[in-house]
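> quick one, structure for this:
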Amino acid sequence: MNKINFTFSDTIAGYVKEADVDKGTFTLVTPGGSEFTGILTPATFGEFIRNLDRPYQDAMGQLKEVFTPGNYVFAYGIFYPEGGDYNFEVKHLVFAGKAKDDFVFERPEWWVQQCAEIADFYIAAQFEGGEIDYHKYRTNLYLDGRKLDSGIQETDTISRTVYGFATAYLLTGQDRYLEAAEKGTKYLQQYICKRDREESEGLVYWLHALNVKGNQVEEMLGSSFSDDWGTIPAYEQIYALAGPIQTYRITGDPSILSDAEKTIVLFNKYFLDKGPHGSYYSHITTDTFDPKAESLAHNKARKNWNSVGDHAPAYLINLYLATGEEKFLDFLQETFDTIVSRFPAKDGSPFVQEKFFEDWSPDKTWGWQQDRAVVGHDLKIAWNLMRMNSARSKDEYVQLAEQLAQAMIPVGMDPQRGGCYDVMERKKAPGQEFHRLAFHDRKAWWQQEQAILAYLILHGTLKKEEYLKHARETSAFYNAWFLDNDSGAVYFNVLANGLPYLLGNERDKGSHSMGAYHSTELCYLAAVYTNLLITKQPMDFYFKPKAGGFKDNILRVSPDILPKGSIKIESVTINGEDYKDFDAENLTVKLPFPDGRSEDDLLTRRRAGGVKMQDIKDDLKVKVRITPV
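Predicted coordinates for the structure are as follows:
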């Protein structure tokens, strides 16, 4: 028998059941319903969750006020096996708020401020206080933002970081963020987007990376990532669009829309399975763009979550939001119909199947994945199904979203400390009571995002309190442990107990896997779901459309695909002045760019909303206040 007769440290998260500060004891009820009693010591220190770039907030002087029933707190300490039990002496307390249902991250400005801080970190890291020039961009960044000794500029991390800058502009209207987003988009278009098939085939494609060596620049089309070595993976082409399309939502730059549509031509010509099985292959070759070539090895004629599902969150939902085009909504529906029909487990596992052969038979032998699940992918599916359901409602979308959200609670979420795990075995072996953690019990930043957004949108849409509970618990874990208040931005991974894991490339803030994307996407959508669907607070969004950019001069400002009738435009200003030519319910603004720039048209636009003639410029700054209905 493995008897635990030694001390060990761990974190307990939970709701205060009772506390006697004078006696130095308290009891917590964990997210999973277990009870733990903690002991305060003379060395105990306590604080409140704080946002990035915010000072330490001591809680020890008000323990009696905050140790009240229902308040959510993390307790990190040491367990001593004594007297037939374990005495838990607490060294560090982190409170999520000052009372029951008081969560600091539900304040209206919380996620907006966090997004700005993350964007500032990456601007400082990449451009080092100088001009925003993407020739200086590097994928690989140390923990503190310093650049590693590498000249690699990976397309996807540029695009993901551009997404972060564009998102920060949408939320704050600060011009430096839009400058960084537009310059990054232009860099991608000019140096990384390949156009040698544009005229003959009507498509473009994107390099994997540039490798800058002094004054020499090497183009790299085949991926250098071990899973995809030497191939063109679908997900790299998908994420090449993430930043540009988020920028397009702000500016309406027609060149971005053109490149997106031509990349979709690439997907449909070379990645799409045109046979009876349908949907998208995961890889093609660099020479003939063949998805079935022997040289693809274990990626030959395969399909996976990334090649099918990642279109939606990476660029396609945002492309639909910006254009309102039914063809993009049709693409989204095809994507989610495929997910609903192909991905649910048929072998009794609570997790979806993620990798497939051409005919959709499960591939349970691929590389590191074997018959394993990525918890964040199950939650990502749940989150995006609920978005799609608000555009075209289907019972099967909600059914699968709830099925996955419910299934992850006992197997993928941590019932003791909060947060969600990483890679797990899809099925238990005989005699096992727990699904095994495949490689470790660490928790990745991007998977916390999927959990938070899944449970937030499920609660915001369906109004079930259980989902709000899990959204709050995961948000608390993320904000308590992932924010790097020393160096900035967020950690890649933390241990199960919340302490940062700082070894290998998981200590870095920039890598093949990490840029500014997931952390700022979380900020943006957590703010949207919390403020507009849950706490019912208005939000401001900022746009800077180019003259003639958006079709018919219609600016579409819906922040996400939300339940119909749940939000409306409250007010619009253009260049600081009130403007009235908008459709509150349909969330559109008729921009005052005159067709032909006639004086009569100028006067008509002015009468519509109070914009002065001298304020009508090529680029307008539009501020839209959106409020819950």
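
> domain-wise, how is the chain divided?
Listed by automatic domain parsing, the domain ranges of the chain are 8-102, 110-534, 539-628.

> which of those domains is buried the deepest?
The densest packing among the domains of the chain, expressed as mean neighbour count by mean count of other C-beta atoms under 10 Å, is seen in domain 110-534 with a mean of 20. For the C-beta atoms, the positions are set from N, CA and C on the backbone; glycine is no exception.

> I'd like the mean pLDDT over that one, please.
In this model, domain 110-534 has an average pLDDT of 97.

> got the residue ranges for the strands in the stretch 101-250 of the chain?
Defined through DSSP state E, counting those that start in this stretch, the strands belonging to the stretch 101-250 of the chain, from first to last, are 152-154, 193-194, 205-206, 209-213, 216-220, 232-233.

> ok, and the closest non-adjacent residue to A234?
Excluding the flanking residues, the one nearest A234 by C-beta to C-beta, 6 or more residues apart in numbering is S307, at 3.9 Å.

> actually V557, not the one I wrote
In space, V557 comes closest to V624 once its chain neighbours are excluded; the distance is 4.8 Å by C-beta to C-beta, 6+ apart.

> residue contacts, the one you found?
For V624, the residues meeting the contact criterion (C-beta atoms under 8 Å, 6 or more residues apart in numbering) are D540, F541, Y542, F543, V557, I569, S571, V572, F582, V589.

> inside strands: which ones of these?
Using DSSP state E to define strands, the subset of the contacts of V624 located there is D540, F541, Y542, F543, I569, S571, V572, F582, V589.

> quick one: which of these is nearest S255?
Closest to S255 out of the ones in strands among the contacts of V624 is F543 (17.4 Å), distances taken as C-beta to C-beta.

> beta partners for the residue nearest to V557?
Following DSSP bridges, V624 is listed with bridge partners F541, V572.

> before we move on, the earlier item: quick one: which of the domains of the chain is nearest M1?
M1 sits nearest to domain 8-102 of all those, at 14.0 Å, using C-beta to C-beta.

> what's the mean pLDDT across that closest one?
Model confidence over domain 8-102 averages 97 on the pLDDT scale.

> what's the first-to-last distance across that domain?
Distance across domain 8-102, first residue to last, is 31 Å (C-alpha to C-alpha, to the nearest Å).

> likewise for stretch 574-583?
The stretch stretch 574-583 measures 15 Å between its terminal residues, going by C-alpha to C-alpha.

> and F45, which of the three is it?
Judged by DSSP: H, G, I helix; E, B strand; the rest coil, the three-state class of F45 is strand.

> mind listing what it touches?
In this structure, F45 makes contact with D58, M60, K91, H92, L93, judged by C-beta under 8 Å, 6+ apart.

> max pairwise distance over those: which two?
Taking C-beta to C-beta, the two most distant members of the contacts of F45 are D58 and K91; they sit 15.0 Å apart.

> still on that earlier bit, hmm, the residue nearest to A234 is touching I284, no?
No. In this structure, S307 is not within contact of I284 by C-beta atoms under 8 Å, at 10.2 Å.

> overlap of the contact sets of those two?
With contacts defined as C-beta under 8 Å, 6+ apart, the residues adjacent to both S307 and I284 are A234, F271.

> let me know the closest of the contacts of F45 to K269.
H92 (55.8 Å).

> for that closest one, pull up the helix or strand it's in.
Using DSSP states H and E, H92 maps to strand 85-95.

> can you check G38 too?
Taking DSSP H and E as the criterion, the element that holds G38 is strand 35-48.

> between strand 85-95 and that strand, find me the angle.
With axes from the mean of the first three to the mean of the last three C-alpha atoms, to 10 degrees applied, the angle from strand 35-48 to strand 85-95 works out at 30 degrees.

> next SSE after strand 35-48?
helix 63-66.

> list the strands paired with whichever helix or strand comes after that next one, with their directions.
Following helix 63-66 in sequence order, the next helix or strand is strand 72-82 (DSSP H and E). The strands that strand 72-82 pairs with in its sheet are strand 8-20 (antiparallel), strand 85-95 (antiparallel) (by DSSP bridges).

> go through the ones in strands among the contacts of V624 and name the one nearest G230.
The shortest distance between G230 and any of the ones in strands among the contacts of V624, using C-beta to C-beta, involves F543 and amounts to 40.9 Å.

> wait, what's in contact with the closest one?
Shown here is F543, whose contacts under the criterion C-beta under 8 Å, 6+ apart are L170, R249, I250, T251, L555, V557, K621, V622, V624.

> which of those fall within helices?
In helices, judged by DSSP state H, the following of the contacts of F543 are found: L170, R249, I250, T251.

> which residues touch the last one?
Residues near T251 by C-beta under 8 Å, 6+ apart: L178, E182, F543, K544, P545, K546, G549, D619.

> thinking again about what came up before, tabulate the contacts of F543 in JSON lines, adding columns for distance to D156.
Formatted as JSON lines, the entries for the contacts of F543 read as follows, by distance: C-beta to C-beta, whole Å:
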{"residue": "L170", "distance to D156": "21"}
{"residue": "R249", "distance to D156": "19"}
{"residue": "I250", "distance to D156": "21"}
{"residue": "T251", "distance to D156": "21"}
{"residue": "L555", "distance to D156": "28"}
{"residue": "V557", "distance to D156": "27"}
{"residue": "K621", "distance to D156": "30"}
{"residue": "V622", "distance to D156": "30"}
{"residue": "V624", "distance to D156": "30"}
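
> contacts only, for the residue nearest to A180 when sequence neighbours are not counted.
Counting by C-beta to C-beta, 6+ apart, F165 is the residue found nearest to A180 once chain neighbours are left out, at 4.0 Å. Under the criterion of C-beta under 8 Å, 6+ apart, the contact list for F165 reads A119, Y122, I123, Y177, L178, A180, A181, G184, G243, A516.

> against Q153, how distant is F165?
Here the distance between F165 and Q153 works out to 16 Å (C-beta to C-beta, to the nearest Å).

> related to what we said a few turns ago, and the strands paired with strand 72-82: which comes nearest G70?
Proximity to G70 (C-beta to C-beta) singles out strand 8-20 among the strands paired with strand 72-82, at 5.5 Å.

> what pairs with the helix or strand just after the closest one, and is each one parallel or antiparallel?
Next in sequence after strand 8-20, counting helices and strands by DSSP H and E, comes strand 25-29. In its sheet, strand 25-29 lies beside strand 8-20 (antiparallel), strand 35-48 (antiparallel), with partners assigned from DSSP bridges.

> for those, give me CSV that also has distance to P276.
Conversion of the strands paired with strand 25-29 to CSV gives the following (distance: least, C-beta to C-beta, whole Å):
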stretch, distance to P276
strand 8-20, 49
strand 35-48, 55
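
> for Q406, which of those strands is the nearest?
Between Q406 and the strands paired with strand 25-29, the tightest spacing by C-beta to C-beta is seen for strand 8-20, at 20.5 Å.

> identify the farthest-apart pair in the contacts of T251.
Using C-beta to C-beta, the pair of these lying farthest apart is L178 and G549, separated by 13.8 Å.

> remind me which helix or strand L329 belongs to.
Applying DSSP H and E, one finds L329 within helix 326-342.

> got it, and P410?
Counting by DSSP H and E, the element that carries P410 is helix 395-411.
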